[in-house]
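Trainee: Model the following, please.
(2 chains)
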Amino acid sequence: MKLYNTLTQQKETFVPIEEGKVKMYSCGPTVYNYFHIGNARPFIVFDTLRRFLEYQGYQVTFIQNFTDVDDKIIKRSLEEGISPQEVSEKYIEEYFKDADALLIKRATAHPKVSEHIEEIIRMIKTLEEKGLAYNIDGNVYYSVEHFADYGKLSKQSLEDLKAGARVDVSDEKKSPLDFALWKKKKDGEPYWESPWGQGRPGWHIECSAMSKKHLGDTIDIHGGGQDLIFPHHENEIAQSEGCCGKPFANYWLHNGYININNEKMSKSKGNFFTVRDIAKHFDLEVVRMFMLMAHYRSPVNFSDELLKQAETALDRLYTAKYQLDYLLENSALETASADEKIWIDSLSQYRHSFINAMEDDLNTADAIASIFELVRNLNSNLSESSSKEAIMAGKKLFAELTDVLGLAVKEKESKLEENIESLIAERQAARKNKDFKRADEIRDQLLAQGIILEDTREGVKWKRA
RNA sequence: GGCGCCAUAGCCAAGUGGUAAGGCACGGGUCUGCAACACCCUCACCCCCAGUUCAAGUCUGGGUGGCGCCUCCA
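Mentor: Okay, the predicted model is just below:
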């Protein structure tokens, strides 16, 4: 498989450190609020990458952290009058609710900063011993000028970074680009004991420490949003490589932004939609569909209109899925005919084109196109008179490919409430008697309850609105 | 100022130098009591200019337009 590596700025063939295994780390949320759709993108993208790698037979260890020690959490706790821990616990819970609705699988582990203070302190100590960190009155900073490769990920020289620095020049720091590894305790803030006194870790060190603990010194893939390239990921490299003296991550993957009216969506700009808000109007699987319909590195605009397009597209997949279930139940023939066997063999073309697309830097847009082509083929060629063997072949391939993307994976409810079933039966009787007025009444009545009826050649079908 | 990304139909969006995937919307049709689903048909000379090449959306140079990072941010 080929992956675009931010470090080398080109697509590279993916070669894992250890054959058959992949170690990947992706920066998770700071849990002080519901996450927004911009946050959702990397969660969905790297979940999809993980699913595809597993589909390819890799044993994937996927780590996504929770930042539960942070200024914003402290601020929130003061606002709400609860402890920082209560804030983070609440939003971790809420994270999983939204992630589940987005069909994001649980990572192998979701480590928390608060549970890795020891590892963080140990790492800072090592950096201090190596002359890469300095302590000023209980604040410990990383000295970027002592790390030769600083800037290699963001392609910035130290001089350029300094020239453009808009950082407040702190008297304390030796260079404006130095960043905090350990922050001295302030009144009312959570703190831990350390060799430098009471305090808490800086933002960047957590990812280095947790990645090292759960995945080792060198990992295969590190992912995140493009806005993390600088300074967060650049600093992670400085910390991890400075500490361990080994390459930190072999492949750096960065997803593009979500835009609103061509402008970046972000919490700081205030132009964001939380996933929770969107869930009021759409099934969140639609958001997943929307994300995967574009390539992960390209910026995408977000709007109600575009979500509706994704919703209709996703409906098409579900219609096909449920039709296959229906046909399987109603087919009388077991074994495929000679013609059907040839047709079954021909289906593998869709698997091939799907895999080719995914192997090309996770081209989910192209991969989805393959699925739609498969759907058209299935819709055209399968009917009640097809054999179960042929229908099953189509169903299995469809499920195989959609599972990789985490789309169209929900099963249909098998039964409706009895009173609804009886209304459908009554409507059928009315139609038979050409009492279309009554039939339409019932259809409207059910629509008001969120049930859409469709009279197909094979009989009445229903779906949820 | 430094670094980087993007420009393909009404709306999205793929595209390995060889005569433009897919989805949504629109139009025509088959099916159908109607609607919906499904299927068939229709729907693009790829921002501009120049160059390289037998051949360029795809490479090179120059424009124009849009966006991002260099500060917390996915």
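
Trainee: surely residue A:269 meets residue A:261?
Mentor: No: using Cβ atoms under 8 Å, residue A:269 is not in contact with residue A:261, being 11.2 Å away. For the C-beta atoms, the positions are set from N, CA and C on the backbone; glycine is no exception.

Trainee: residues making contact with stretch A:201-213?
Mentor: A:25, A:27, A:63, A:65, A:67, A:69-70, A:111, A:113, A:116-117, A:119-120, A:122-124, A:142, A:179-183, A:219, A:222, A:231-232, A:235-236, A:239-240, A:243-244, A:248 (Cβ atoms under 8 Å, 6 or more residues apart in numbering).

Trainee: what about burial for the residues you listed, which qualify?
Mentor: The neighbour count (16 or more other Cβ atoms under 10 Å) marks A:25, A:27, A:63, A:65, A:67, A:69-70, A:111, A:113, A:116-117, A:119-120, A:123-124, A:142, A:179-183, A:219, A:222, A:231-232, A:235-236, A:239-240, A:243-244, A:248 as buried among the contacts of stretch A:201-213.

Trainee: just the residues you listed that are near RNA strand B?
Mentor: Among the buried ones among the contacts of stretch A:201-213, the residues within reach of RNA strand B (Cβ under 7 Å from any atom of the strand) are A:27, A:179, A:231-232.

Trainee: Show only the entries of those residues found in strands.
Mentor: Of these, the ones assigned to strands by DSSP state E are residue A:179.

Trainee: Quick check: of the ones next to RNA strand B among the buried ones among the contacts of stretch A:201-213, which lies closest to residue A:461?
Mentor: residue A:27 (43.9 Å; Cβ to Cβ).

Trainee: Look up how far residue A:112 lies from that closest one.
Mentor: 13 Å (Cβ to Cβ, to the nearest Å).

Trainee: With residue A:294 instead?
Mentor: Residue A:294 is 32 Å from residue A:112, by Cβ to Cβ.

Trainee: Quick one, grab the pLDDT at residue A:365.
Mentor: According to the prediction, residue A:365 has pLDDT 95.

Trainee: wait, doesn't it sit right on residue A:295?
Mentor: Yes: assessed by Cβ under 8 Å, residue A:365 is found in contact with residue A:295 at 5.5 Å.

Trainee: Quick check: closest non-adjacent residue to residue A:256.
Mentor: The shortest distance from residue A:256 to any non-neighbouring residue, by Cβ to Cβ, 6 or more residues apart in numbering, is to residue A:299 (4.4 Å).

Trainee: per-residue pLDDT, the one you found?
Mentor: For residue A:299, the predicted pLDDT is 90.

Trainee: thought it was touching residue A:263?
Mentor: No: applying Cβ under 8 Å as the test, residue A:299 and residue A:263 come out as separate, 10.2 Å apart.

Trainee: which residues does the residue in chain A positioned nearest to RNA strand B bridge with?
Mentor: When scored by Cβ to the nearest atom of the strand, chain A has residue A:225 as its residue closest to RNA strand B, at 1.7 Å. Beta-bridge partners recorded for residue A:225 (DSSP bridges): residue A:255.

Trainee: buried sites along the helix or strand of chain A with the lowest mean pLDDT?
Mentor: Ranking every helix and strand in chain A by mean pLDDT, DSSP states H and E puts helix A:158-164 at the bottom, with a mean of 81. By neighbour count with 16+ other Cβ under 10 Å, helix A:158-164 contains the buried residues residue A:161.

Trainee: what's that helix in contact with?
Mentor: Contacts of helix A:158-164 (Cβ under 8 Å, 6+ apart): A:144-145, A:150-151, A:175-177.

Trainee: Which ones among those also lie next to RNA strand B?
Mentor: Answer for the contacts of helix A:158-164 near RNA strand B (Cβ under 7 Å from any atom of the strand): residue A:177.

Trainee: List buried residues within the contacts of helix A:158-164.
Mentor: A:144, A:150-151, A:175, A:177.

Trainee: May I ask which of those residues comes out lowest in pLDDT?
Mentor: Comparing the buried ones among the contacts of helix A:158-164 by pLDDT, residue A:175 comes last, at 86.

Trainee: Just list the residues touching that residue, thanks.
Mentor: By Cβ under 8 Å, 6+ apart, the contact set of residue A:175 is A:143-145, A:162.

Trainee: Now it: which helix or strand?
Mentor: Residue A:175 belongs to no helix or strand when assigned by DSSP states H and E.

Trainee: Next, work out how far apart it and residue A:139 are.
Mentor: Where residue A:139 is concerned, residue A:175 sits at a distance of 14 Å (Cβ to Cβ).

Trainee: for residue A:119, same thing?
Mentor: For residue A:119, the distance to residue A:139 - Cβ to Cβ - is 20 Å.
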